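Asker: Here's a sequence, model it:
(chains A and B)
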Number of protein chains: 2
Amino acid sequence: MVHPFDPLSAAEISLVSKIVKDEYVDQNVILRVVTLSEPAKTGIMPYLEAENASMPLPRPPPRCALVQYYLDSINNFWEAQVGIDAGKILNREHLAGRHSYTDAVEMQRAEVACLADPRIQAELKAMELPEDAVVCVEPWTYAPDGMEDMTKRFVMCYFYMRIGSHLDSNHYAYPLDLCAEMSGDREVLKIIRLPSRDAERADFEAAGKSRKFDRRKIHTTSEYHPDLVGKTRDTTKPYIVRQPEGPSFSTQGNLLTWEKWRLRVGFNYREGLTLHDISYDGRKLFYRLSLSEMFVPYGDGRAPYPRKAAFDLGSDGAGVNANNLQLGCDCLGHIKYFDTYSHTTAGDPIKVPNVVCCHEIDDGILWKHTNYRTGNAVVARARTLVLQTIITVSNYEYIFAFHLNQAGAVSYEVRATGILSTSPIDIGHSVPYGQVVAPGVMAPYHQHLFSLRIDPAIDGFKNSLAVEESNAMPLDDPKVHNPFGVGYTTTQTVSETEGALDLDISKGRVFKILNESVLNPINGLPVGYQLVPHPSQMLLAHPSSFHAKRSEFGAHALWVTRYRDGELYAGGKHTMQSAGGEGISSWIQERKEKAEETGVRNEDIVIWHTFGTTHNPRIEDWPVMPCEKMLVTLKPVNFFGGNPGIDVKGSRQEDNKSVLVEDEACCAVKSVRPNL
Amino acid sequence: MVHPFDPLSAAEISLVSKIVKDEYVDQNVILRVVTLSEPAKTGIMPYLEAENASMPLPRPPPRCALVQYYLDSINNFWEAQVGIDAGKILNREHLAGRHSYTDAVEMQRAEVACLADPRIQAELKAMELPEDAVVCVEPWTYAPDGMEDMTKRFVMCYFYMRIGSHLDSNHYAYPLDLCAEMSGDREVLKIIRLPSRDAERADFEAAGKSRKFDRRKIHTTSEYHPDLVGKTRDTTKPYIVRQPEGPSFSTQGNLLTWEKWRLRVGFNYREGLTLHDISYDGRKLFYRLSLSEMFVPYGDGRAPYPRKAAFDLGSDGAGVNANNLQLGCDCLGHIKYFDTYSHTTAGDPIKVPNVVCCHEIDDGILWKHTNYRTGNAVVARARTLVLQTIITVSNYEYIFAFHLNQAGAVSYEVRATGILSTSPIDIGHSVPYGQVVAPGVMAPYHQHLFSLRIDPAIDGFKNSLAVEESNAMPLDDPKVHNPFGVGYTTTQTVSETEGALDLDISKGRVFKILNESVLNPINGLPVGYQLVPHPSQMLLAHPSSFHAKRSEFGAHALWVTRYRDGELYAGGKHTMQSAGGEGISSWIQERKEKAEETGVRNEDIVIWHTFGTTHNPRIEDWPVMPCEKMLVTLKPVNFFGGNPGIDVKGSRQEDNKSVLVEDEACCAVKSVRPNL
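Answerer: The predicted structure follows:
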């Protein structure tokens, strides 16, 4: 049985595509997006209430699809809502001046067309590349810099080469100082010679000027593929996870239950993995958890590099770039995979396997106490459920995972890995906005800014956001009893209207999502969940820059808005070549100006957390960077009657079957020479 | 063969104790500390150099012990350096006015003496406790509040009770409003009735006034022992780690090697686990890593609670309070345990087993890249070596662990668990500096402040500390090329003299330990290790308070000092009833005043990182709190020629033997009723 939150099935994709194509029998319909249009929240509430109470289900809300398509040309971009049960387009909109996200097909075609251009061939020839060099073009979306008309579509092509016959040789090791600006229909508009030393200007009319490739840049230390990396370690012995009774989770379609948790797994082309209708022990916690957007602006201010600023969700798509996860590689233990359906531009469904994996990990100790009076220790181990998806966006990889624990906490972990985006630099030179990581290879400074969207339902849909600070009690206020100067108390401020908040570590600032109508029976405080943020530097680009205007969420660590159906993307709905004025800050401002409802106290609210990393590369991030981890946690605060994991069974050797390592078994250390 | 860093053997403890006792044949020598006196750094350097180079070893520095002891009485406290080879006391000092750390024997004797006092008995009788109540006394060290002469030793006794016959019933669930101030020789000096509602003063002459115990406080929800907690979960299925070829680490005595890491495991009564002479792939990284101190001040300003402020290392001892770790409970997989030797007050050695465990964990993905041109994914899993120790300090547990990874990073993880320290509160009342967690049970706000001591040896002993910030480039400076407003650069400031530094997330502040004399051959930058701090609120107590004076390290997140032998404890050497003026800030100030060497650039330096948590309890922290994790990482920055884990073998199903969960195998979810 289809659940209202289930992604579109293959049959639904076919049906929806046919409905749309039948509307345009004389035109070429190029389907860009065919995805579930999630039901309005008020529409689905009665259904979810009944479902969670195991009551007879009311009729589900009508099932709809969101469709985006070109008609004949990329300059004729449309969006439609299609009623699946109704079998028709419910409404449609011409997205004039907007652009669809990019995809591998566009990129590959751009690469081919760019390479075929005789001017490009002449440039490459002038470089006198090594005989066994293979030129690779890396197409990028064009982030506005004010130099072109953004109602037209552009593709930027950066040039690299690999040396030798191995197809997985790392071409990012050889950035060439050539770049091409292409039109959306794959015409080379400008040939650009990239700057190759500090403060140098790019040459935007470079034809015929390419310099000879400096062969001193040729090196062998930038490979990562095991065929090329030389000797790999043989010291890491196998480590196998056994679950003789199987995993502790259960699934039925996209419904997942595990250790008092119950939720629905969602997946779409843009956000990738989403979680829906999340409850613990029968109590509602979150309506929806998702990565809303991510923005990767580069800090190299020389043209054309300000055009490097990627919205990896809005302009690339976390879902369409999800890896096909492999058993025994991307996770250990007993693994359940979720598949999804994508589609061709003609609307034919394509099964995409293993885009999400679900498995358990052991996370050390959940809680422990030793009673020193009796010597008795009670220790509960922490089992964690991981729902993981991994995306590849050209050079970079992101590993996104929700972690559920047995004490009612849910965390969102991001690991950034993959290959740095690189630019050419002359041997012997350096720049103050990037790092040389190999001969001739400069990895520019950049930021990764994520927006985590938290749609809470803490014991119901009417919630509030509170900020708590810990403050020393005053020393000399006669109304305050603090004779020894050691007292401290907390202040709590509840947000009344939509807006942004910042972190402040020095004040011990803590963010709580509260249901002020439900009081904990033990201490009379509102039930809540605390957001444990990932403290991060916010966007560095100047507020007047396109980067800042386009990524409004990057200005503050926390945002609170009143819930609106469809308001899912902190950077705006259409980020591809967007020029600003349509993200979270703009929504808030517009609603204020229009005197719309902006109250967020005891209302259906959404919390948006901006976090990330200012990534100034180190050599150790090259050629593939070790994962950089970021973690955001939501944990109960006065929600339960005590530690919700207190009933986790004590850890016992008879279950865990650990193995004692005897001294003799591990004495292979090379012996130290005796004293003289 | 004994290594200069090895803790004292049983025979050495016996010998040293005999040497000291033989000096005082007519006196009762009560041995408080018999531990290794680590060799002077300059003395051991040639030895370590030779050892690491596998060259013939020079004669090791003479082996010494540090001994602290009472002569006849606790008011006659001494410290001596004993030459083990020399067989004699090398020097000794009368520690007049100072106090030794406490221990279980002192605490248990205080408890017995306190309970035996007839005035206490009369107080308890007046309370009319339930018939099956068992009174428990919780002795605490006395943190100075200016009310008593700190040259005398005191013990504070707080009163609790448990109900029923189960010895592991949680007595912290019943804090009684009685307290006793005792002398060091166990005489009850004052009987104190604790405040029981906000701003109420304690009664320091309470004899005969105890109120009847309010039986409305009796409840059943504060238990954690499986016998008492009611139904435990049966949903968590077994999870077993198998290492068919054994672990990947090797030990020889306290020498540990694993995946290019090489280090020596140390352990002492005060700091517990320490790491020495740490190198990676033959290159020196750290001379010593240790937890220097931790301070737990409580934020309840009402007397006598300002006396609750524990130095868990200096006044209790992480080593003496280390748990005997149990196979299959405290860790999974193949576990190697390290034992240590403690001693009786007579100097007889006592073997203390399993104080440190060593095992490997799988930490998900170390790095991954998928070449979208070929579709080939290369993924390396992260194996991590964990060296863990767990301490119980009365109510609280701390899990301390060093994590080594395959990409050259070492992390220090702290997990705080155990039971909140509780105070009585009248039913229906609340206080602004604590939280009610059960009827009549108030858990006061408090902080946990840790000082991690990092004694670096980044490619040698002369190192520097640099602070790097990421700053937007100016918009309108003609000397700067930032036409699009998106550029950013970094500034780096190297500390020249001893002092403190603060975090600043908004500036992307990053701390690097550099060797400015060794340049990375690829980019010419100094080799270094970056400190990734745990961002934390610093001490809240007023600078004029005893709490602040005693825990100088709690004022700033980072300190840098010039290395001095024996300068190990950021809160001062003798924290027991210390009154301030002897921690890290005082050292720096004194040396400045004395015009001693305080330069820290290209010198042998020590970095001290203060981190922790402002712990305002939530109900979910009760009765045993789920682990709160803190993490500090040291990772290479331009130290290697690339990702040092690039040679980790790709992850393969044939090694990892994961199991695919088929849909049928996990469909036990209660079926959803069909549509109407």
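Asker: Every contact and neighbour count from this point should use C-alpha atoms.
Answerer: Fine.
Asker: Pull the distance from stretch A:117-126 to the chain's centre.
Answerer: 38 Å (Cα atoms, centre = their mean, to the nearest Å).
Asker: need the contact list for A:L8.
Answerer: Each residue near A:L8 by Cα atoms under 8 Å, 6 or more residues apart in numbering or on different chains is listed here: A:T35, A:L36, A:A65, A:Y341.
Asker: Now render these as a markdown table, adding neighbour count, pLDDT and secondary structure.
Answerer: Shown next, in a markdown table, are the contacts of A:L8 (neighbours: other Cα atoms under 10 Å in any protein chain shown; pLDDT from 0 to 100; DSSP: H, G, I helix; E, B strand; the rest coil):
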| residue | neighbour count | pLDDT | secondary structure |
| --- | --- | --- | --- |
| A:T35 | 25 | 98 | strand |
| A:L36 | 26 | 98 | strand |
| A:A65 | 25 | 98 | strand |
| A:Y341 | 23 | 97 | strand |
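Asker: just the helices in the stretch 301-450 of chain A please.
Answerer: Taking DSSP state H, counting those that start in this stretch as the test, none of the stretch 301-450 of chain A falls into helices.
Asker: likewise chain A?
Answerer: Along chain A, the segments classed as helices by DSSP state H run A:10-23, A:41-52, A:104-116, A:118-127, A:546-550, A:584-593, A:653-656.
Asker: Give me the buried positions along the first one.
Answerer: Translated: helix A:10-23. By neighbour count with 16 or more other Cα atoms under 10 Å in any protein chain shown, helix A:10-23 contains the buried residues A:A10, A:E12, A:I13, A:S14, A:L15, A:V16, A:S17, A:K18, A:I19, A:V20, A:K21.
Asker: Could you check how far the first one is from A:S342?
Answerer: Going back to what we said before, that points to A:A10. Counting by Cα to Cα, to the nearest Å, the gap from A:A10 to A:S342 is 8 Å.
Asker: Can you check which residues contact both of those two?
Answerer: Joint contacts of A:A10 and A:S342 (Cα under 8 Å, 6+ apart) are A:P349, A:I350, A:K351.
Asker: The second one - how many residues pack around it?
Answerer: Look at A:I350: counted by other Cα atoms under 10 Å in any protein chain shown, it has 13 neighbours.
Asker: who's in contact with it?
Answerer: A:I350 is in contact with A:A10, A:Y341, A:S342, A:H343, A:T344, counting by Cα under 8 Å, 6+ apart.
Asker: do the same with the last one
Answerer: Going by Cα under 8 Å, 6+ apart, A:K351 touches A:A10, A:D339, A:T340, A:Y341, A:S342.
Asker: If we use 7 Å, what do you get?
Answerer: A:T340, A:Y341, A:S342 (Cα atoms under 7 Å, 6 or more residues apart in numbering or on different chains).
Asker: what do you get for the first one?
Answerer: A:P349 makes contact with A:A10, A:I13, A:S14, A:Y341, A:S342, A:H343, according to Cα under 7 Å, 6+ apart.
Asker: now do A:R562
Answerer: For A:R562, the contacting residues are A:E498, A:T598, A:G599, A:V600, A:E603, A:D604, A:I605, A:V606, by Cα under 7 Å, 6+ apart.
Asker: By pLDDT, rank these and give me the bottom one.
Answerer: pLDDT across the contacts of A:R562 is lowest for A:T598, at 94.
Asker: Where does pLDDT dip in chain A?
Answerer: Within chain A, the segments meeting pLDDT under 70 span A:664-676.
Asker: What are the boundaries of the strands in the stretch 551-676 of chain A?
Answerer: Assigned by DSSP state E, counting those that start in this stretch, the stretch 551-676 of chain A shows strands spanning A:558-562, A:605-615, A:625-637, A:659-660.
Asker: winner for burial among the ones you listed?
Answerer: strand A:605-615 (a mean of 25; mean count of other Cα atoms under 10 Å in any protein chain shown).
Asker: Distance from that strand to the middle of the chain?
Answerer: Using Cα atoms, centre = their mean, the offset of strand A:605-615 from its chain centre is 10 Å.
Asker: And stretch A:601-614, by the same measure?
Answerer: The answer for stretch A:601-614 is 15 Å, by Cα atoms, centre = their mean.
Asker: can you list the residues that contact that stretch?
Answerer: Outside stretch A:601-614, the residues that reach it (Cα under 7 Å, 6+ apart) are A:446-456, A:461-464, A:495-496, A:516, A:534-537, A:553-554, A:556-563, B:508.
Asker: State the phi and psi torsions of the residue nearest to A:H542 when sequence neighbours are not counted.
Answerer: Leaving aside its sequence neighbours, A:H542 sits nearest to B:G485 (Cα to Cα, 6 or more residues apart in numbering or on different chains; 5.3 Å). Note on B:G485: backbone dihedrals following degrees, to the nearest 10 are phi 70, psi 20.
Asker: Give the burial count for B:G485, as a bare number.
Answerer: For B:G485, the neighbour count with other Cα under 10 Å is 26.
Asker: Report the contact partners of it.
Answerer: B:G485 makes contact with A:A541, A:H542, A:S545, B:L475, according to Cα under 7 Å, 6+ apart.
Asker: which of these has the most neighbours?
Answerer: Using other Cα under 10 Å as the neighbour test, those are led by A:A541, with 28 neighbours.
Asker: How about that one: what's its closest non-neighbour residue?
Answerer: Going by Cα to Cα, 6+ apart, A:A541 has B:V486 as its nearest residue, at 4.4 Å.
Asker: neighbours around the one you found, how many?
Answerer: If we define neighbours as other Cα under 10 Å, then B:V486 has 31 of them.
Asker: Any figure for the gap between it and A:V265?
Answerer: B:V486 sits 38 Å away from A:V265, going by Cα to Cα.
Asker: any idea which of the helices of chain A is most buried?
Answerer: Mean neighbour count, computed with mean count of other Cα under 10 Å, is highest for helix A:546-550 among the helices of chain A, reaching a mean of 25.
Asker: Contacts for it, please.
Answerer: Here helix A:546-550 makes contact (Cα under 7 Å, 6+ apart) with A:P144, A:D145, A:P297, A:A541, A:H542, A:P543, A:G571, A:S578, A:A579, A:G580, A:G581, B:V486.
Asker: residues touching the last one, list them.
Answerer: I take that to be B:V486. Residues near B:V486 by Cα under 7 Å, 6+ apart: A:G299, A:G301, A:P306, A:A541, A:H542, A:S545, A:H547.
Asker: got the residues of the stretch 51-200 of chain A near chain B?
Answerer: A:P56, A:L57, A:P58, A:R59, A:D145, A:L167, A:D168, A:A199 (Cα under 7 Å from any Cα of the partner chain).
Asker: Pull out the buried residues from the residues you listed.
Answerer: Buried, going by 16+ other Cα under 10 Å: A:L57, A:P58, A:D145, A:D168, A:A199, out of these.
Asker: Please identify the residues of the stretch 301-450 of chain A in proximity to chain B?
Answerer: So the stretch 301-450 of chain A meets chain B at A:301-302, A:306, A:327-336, A:364-372, A:378-379, A:392, A:394, A:397, A:407, A:417-418, A:432-433, A:436-439 (Cα under 7 Å from any Cα).
Asker: Could you tell me the end-to-end distance of stretch A:114-134?
Answerer: End-to-end distance (Cα to Cα), stretch A:114-134: 14 Å.
Asker: I misspoke; the intended subject was stretch A:319-328.
Answerer: One end of stretch A:319-328 sits 22 Å from the other (Cα to Cα).
Asker: what's in contact with it?
Answerer: Residues outside stretch A:319-328 that contact it (Cα under 7 Å, 6+ apart): A:267-272, A:353-355, A:389-393, B:652-653, B:656-658.
Asker: PyMOL command to pick out the buried ones of these?
Answerer: To isolate the buried members of those in PyMOL, using 16+ other Cα under 10 Å:
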select buried, (chain A and resi 267+268+269+270+271+272+353+354+355+389+390+391+392+393) or (chain B and resi 652+656+657+658)
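Asker: Inside strands: which ones of the contacts of stretch A:319-328?
Answerer: Mapping the contacts of stretch A:319-328 onto strands (DSSP state E) picks out A:F267, A:N268, A:G272, A:P353, A:N354, A:V355, A:T389, A:I390, A:I391, A:T392, A:V393.
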